[in-house]
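In: give the three-dimensional model of this entry:
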Amino acid sequence: MPADGSGAGPRRLRLTDVQATSPTRTEALLAVAILGLVAAAIATEDAPTSRAALAGGFGVGLAGLLLVARRWTVPALLATAAGILGYYALELPPVGVAAPAAAILYVAAQRGRVVPAAAVGGSLLAVSVAARLVEGDDISVVIGAGLGSEAALILAVIALGDAVRNRRSLRVTLARQAASAAEERRREAARQVEAERLRIAREVHDTLGHTMSVVTLQSAVAREALADAEPERAEAALAAIHSVSGSAMAELRATLGTLRREPGPREPAPGFTQLRTLIEGVRRGGLPVDLRLDGSVDALPTVVGSTVYRIVQEALTNVLRHAQATRATVTIRATPARLSVEVVDDGRGSTGRTAVETGQGLRGMSERVALLGGTLDAGETADGGFRVSVHLPLAGVAA
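Out: Predicted coordinates for the structure are as follows:
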């Protein structure tokens, strides 16, 4: 059974349970104080040995109840009240009412039993007053003979115990909040690290994927040209490989620079202004690409421009790798509220493409578009080609 007697089922005793119900140094000192109070009363009255022994046993009993009050608070409280009443019924050396009860009332209030503590304290005072009136004492004498000070002592120890409890509860709450905040900061840091890892993975995938597609295509052209004794054509293909490789190295340097521990200047990620250079590189790779612009794109937010660049790069890379296309068209339409990007090729659509071929690139594009709250649609065209269509909102995007 639980220590609080709530009637819940059996549970394993934990170290915190033992600590919460074990007597503290404060309770031990209060127990010693009770023994001292009774001893002083016995010495003052110079009581016979039998009465002194009985009073001493009372003191030991009160001290013992105090030491178990953290585990059995209300039973110890009631037993203390009964003991005090029995003490005076036996006409043992007077020790007051509030003084011997003060310690247990303090512990009870500290354990959250303020109402039972107040009820017991008030009952002891009421019984004390009633007993003296029955004995024939004048009411003015009874009230004036320390009743006010005893009532004040009872109220003070209950208030002190409750204040200590509230203070400890506040400390526990603040500690839990601090731990929760620290855990949330740790989770947020982990989320940021994961987001940065995915961003870098996308950047590396886009850069290397495009570059290797051009290199593969142009190396085949160069080999064919050398076999056909066409040095000028081979030289042009090798120049295209050199150009796209240099661009890829610059982009990788900027991307991997984000992994450096020390702060420092970093090259900006490619954006809309580099789009024509990208398309020109694809053209040199052997794929004719038409670029159509509709609307003003001069003031595009940086993040939108970078996303458009990567979308077009990945779409054209897929065309080079898998589509067997003879031509591609990139159409960009800009309005004050939205930017649309469409990449269409005349290749083999998705019929001959595997899930890996289409899935990896499309997933990367979808992630980029989703970060800006946009939409992406990809699929075959009516004439058998493939279309990638993206719509990005411009309203509310920071420049």
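
In: where along the stretch 1-150 of the chain do the helices fall?
Out: 15-21, 25-45, 49-67, 73-89, 98-110, 114-134, 139-144, 147-227 (DSSP state H, counting those that start in this stretch).

In: of those, give the one that comes closest to L392.
Out: helix 147-227 (16.2 Å; CB to CB). For every residue, glycine as well, the C-beta is placed using N, CA and C.

In: and the angle from the closest one to helix 98-110?
Out: 20 degrees (axes from the mean of the first three to the mean of the last three CA atoms, to 10 degrees).

In: what is the helix or strand just after helix 147-227 packed up against?
Out: Next in sequence after helix 147-227, counting helices and strands by DSSP states H and E, comes helix 231-256. Here helix 231-256 touches helix 147-227, helix 275-284, going by 3 or more CB pairs under 8 Å, 6 or more residues apart in numbering; DSSP states H and E.

In: most neighbours per residue, which of those helices?
Out: helix 275-284 (a mean of 17; mean count of other CB atoms under 10 Å).

In: how near is the spatially most central residue of the chain to A195?
Out: Nearest to the mean C-alpha position of the chain, counting by CA atoms, centre = their mean, stands E184 at 2.1 Å. Distance of E184 to A195, computed by CB to CB, to the nearest Å: 16 Å.

In: for D162, same thing?
Out: Counting by CB to CB - D162 and A195 are separated by 48 Å.

In: then A334?
Out: For A334, the distance to A195 - CB to CB - is 28 Å.

In: likewise for D228?
Out: 50 Å.

In: so what's the backbone phi/psi at R368?
Out: R368 adopts backbone torsions of phi -60, psi -50, taken as degrees, to the nearest 10.

In: what's the closest non-adjacent residue to it?
Out: Leaving aside its sequence neighbours, R368 sits nearest to T307 (CB to CB, 6 or more residues apart in numbering; 5.0 Å).

In: next: S340.
Out: In space, S340 is closest to R333, 4.4 Å off (CB to CB, 6+ apart).

In: hey, what's the one you found bridged with?
Out: Listed by DSSP bridges, the beta-bridge partners for R333 are D294, S340.

In: run through the stretch 1-150 of the chain and note the low-pLDDT ranges.
Out: Judged against pLDDT under 70, the low-scoring parts of the stretch 1-150 of the chain cover residues 1-52, 55-56, 93-96, 131-146.

In: how about 80 then?
Out: 1-71, 84, 86-100, 127-150 (pLDDT under 80).

In: and for V289, the neighbour number?
Out: 21 (other CB atoms under 10 Å).

In: what sits against the closest residue to V120 other than its chain neighbours?
Out: Excluding its sequence neighbours, the residue lying closest to V120 (CB to CB, 6+ apart) is A81, at 4.9 Å. With contact set as CB atoms under 8 Å, 6 or more residues apart in numbering, A81 has these partners: 101, 120, 123-124.

In: okay if I get those residues as CSV plus distance to A109 and neighbour count?
Out: Formatted as CSV, the contacts of A81 follow (distance: CB to CB, whole Å; neighbours: other CB atoms under 10 Å):
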residue, distance to A109, neighbour count
A101, 12, 27
V120, 11, 24
S123, 16, 12
L124, 15, 22
